[in-house]
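Enquirer: With the input below, show me the fold.
(one chain, ligands or ions: 2)
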Amino acid sequence: MTRFLATLLASAALSTSLPLQARAELDVVSLKSAIERSVESDYPKLDALYKDIHAHPEIAFQEEKTAAKLAAEMRALGFEVTEHVGKTGLVAIYKNSDGPTIMVRTELDALPMEEKTGLAYASHDKTIWQGRETFVAHSCGHDIHMASWVGTAKTLVGLKDQWHGTLMFIAQPAEEIVSGAKAMLADGLFTRFPKPDFGFALHANGAFAYGTVLYRVGIDSSNIDGLYIKFRGRGGHGAVPQATIDPVMMAAHFVVDVQSVVSREKDPTEFGVVSIGAIHGGTVANIIPDDVVLAGTIRSFKPEVRAKMLAGIERTAKAVAAMSNAPEPEIKITEGAKAVINDPGVVATAEKVLKAAFGDKFRPSPPVTPSEDYSEFINAGVPSMFFRIGVYEPERVAAAREGEGPQLPGNHSPLFAPVPKPTIETGVEAMTLAVLSVFDQHARENAREK
Ligand SMILES: [Zn+2]
Ligand SMILES: [Zn+2]
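Expert: Ligands and ions are numbered 1, 2, ... in the order given. Take a look at the predicted model:
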């Protein structure tokens, strides 16, 4: 046993303060205060880890040092750690007799952008990204997730007489480019290691207050598809349009007409968005170019809505080209992450415990429109719950909502600056209780069967 773990056990005295209650209802109130005490005594270490990771962020698939830091933490706790799963990912396993395997996932990656928070622990690091030098910043809060993940592991190890089974803590690379989950699965995540019975992940969110935990049953985040279209025309003089086929005109038609797929073909009560974020074509005012390239993003929640939008987008692009008597356009749709769909059973189990622990600070929320590749693990057969934790002072959030204070910077803003302590503490408490609720449910179901 490491000195650190011994300190954790001794200081929190978790194993002696609570009787084993495998078959009775979890005593959530005393469990929560035991977890709070554990996190409180452990917080200085988590704070140092958080600020170190925050100050030295690494971008998708470059997370070597970040992964090594987490690997060291988990080994010190007694986890068996395998590094370089899916390039820079890691898997940490902790067996505690027979029972289900529960996966807890964090992401490792930061974003290619400059941090402008002015915090003492702000990142000034740079890296090479797609051939260009760029700043790197943890502006999505994945550093909060990592600190909460390590804190949850420590707390669960300290509470190990409260549960039986296997913890499978995974740190996933490259979430921001929705590639890391796929990379880990392709590298044998569920074949070289046990396939988890249940899974959990959390995300820090700049839209609400720390201490608050939001969740959903069912669809939680969107399907994402990338769109690339090249309209092919015939270039020529801007004053002699009759001798040309004008791809700028086609692009202009398409950008407007494609919105009728959203407004006329899709059920208006269902979520679906098409946004064209880039148009590239032409050089100067009086030359009609040969071609114009468009790039966009397509978001949806339901597979049937997605299929309808993809078909409509393709038909619109071809129709626009046909209208100009142009050759067929080149259309590429790149499948990104699928919607995260929370499992009703897992949510129902965790809900009871989290509701008892957090009261009305734990509540359902609408789905969010950004995407998340945690869906890869769900679609590989791991019933899961993905939830969100707030990051800002409740007063500032309330003032912003009522228009009495400034808007607070959201995820991916260069000013995104979670308040570390209460945010990480809530992350650890909510995640620990969620994992314990599933272990407990399983133990009681087993007891009933026997
Ligand atoms: Zn992000
Ligand atoms: Zn994120």
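Enquirer: Helices along the protein, start to end?
Expert: 3-12, 14-17, 28-55, 64-76, 142-158, 180-186, 247-257, 259-260, 303-323, 344-358, 375-379, 394-401, 420-449 (DSSP state H).
Enquirer: Looking at those, spot the one closest to residue 114.
Expert: helix 28-55 (13.9 Å; CB to CB). Placement of C-beta: from N, CA and C, glycine included.
Enquirer: May I see the buried residues of the closest one?
Expert: By 16 or more other CB atoms under 10 Å, the buried positions in helix 28-55 come out as 28, 31-32, 34-36, 38-39, 42-43, 45-46, 49-51, 53-55.
Enquirer: what do you get for stretch 263-270?
Expert: Quick answer for stretch 263-270 (16+ other CB under 10 Å): 265, 266.
Enquirer: my guess is residue 388 meets residue 202, correct?
Expert: Yes: between residue 388 and residue 202 there is a contact under CB atoms under 8 Å: 6.8 Å.
Enquirer: Mind checking which of the two has more residues around it?
Expert: For residue 388 versus residue 202, neighbours defined as other CB atoms under 10 Å are more numerous around residue 202 (28 against 20).
Enquirer: could you list every residue that touches that one?
Expert: 145, 148, 386, 387, 388, 389, 427, 430, 431 (CB atoms under 8 Å, 6 or more residues apart in numbering).
Enquirer: okay if I get the residues you listed as TSV plus distance to residue 287?
Expert: Listed next are the contacts of residue 202 as TSV, based on distance: CB to CB, whole Å:
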residue	distance to residue 287
145	50
148	55
386	50
387	54
388	50
389	53
427	56
430	59
431	58
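Enquirer: so what's the backbone phi/psi at residue 289?
Expert: phi -80, psi 170 (degrees, to the nearest 10).
Enquirer: looking at it, it is touching residue 251, isn't it?
Expert: No: Residue 289 lies out of contact with residue 251 (CB under 8 Å); the separation is 10.0 Å.
Enquirer: Return every residue with contacts to both of the two.
Expert: Residues touching both residue 289 and residue 251 (CB under 8 Å, 6+ apart): residue 281.
Enquirer: The two: which is more packed in?
Expert: A direct count of neighbours by other CB under 10 Å for residue 289 and residue 251 places residue 251 higher, at 26 against 20.
Enquirer: From residue 324, how far out is that one?
Expert: As judged by CB to CB, to the nearest Å, residue 251 and residue 324 stand 11 Å apart.
Enquirer: before we move on, what about residue 70?
Expert: Using CB to CB, residue 70 is found at 54 Å from residue 324.
Enquirer: Who has more neighbours out of those two?
Expert: The neighbour count for residue 70 versus residue 324, taken as other CB under 10 Å, is higher for residue 70 (25 against 17).
Enquirer: buried ones in the longest strand seen in the chain?
Expert: Secondary structure of the chain per DSSP state E: the longest strand is strand 198-209. The neighbour-count check on strand 198-209 (16+ other CB under 10 Å) flags 198, 199, 200, 201, 202, 203, 204, 205, 206, 207, 208, 209 as buried.
Enquirer: same deal with stretch 289-297?
Expert: Quick answer for stretch 289-297 (16+ other CB under 10 Å): 289, 290, 291, 292, 293, 294, 296, 297.
Enquirer: Which pLDDT value goes with residue 12?
Expert: Predicted confidence (pLDDT) for residue 12: 43.
Enquirer: now swap in residue 266 and tell me
Expert: 95.
Enquirer: I figured it was touching residue 307, is that so?
Expert: No: taking contacts as CB under 8 Å, residue 266 lies outside contact range of residue 307: 10.6 Å.
Enquirer: Where does pLDDT dip in the protein?
Expert: For the chain, the stretches flagged by pLDDT under 70 are 1-24, 450.
Enquirer: follow-up on the earlier one: so which pair among the buried residues of stretch 289-297 is furthest apart in space?
Expert: Farthest apart among the buried residues of stretch 289-297 - using CB to CB - are 290 and 297, which lie 25.6 Å from each other.
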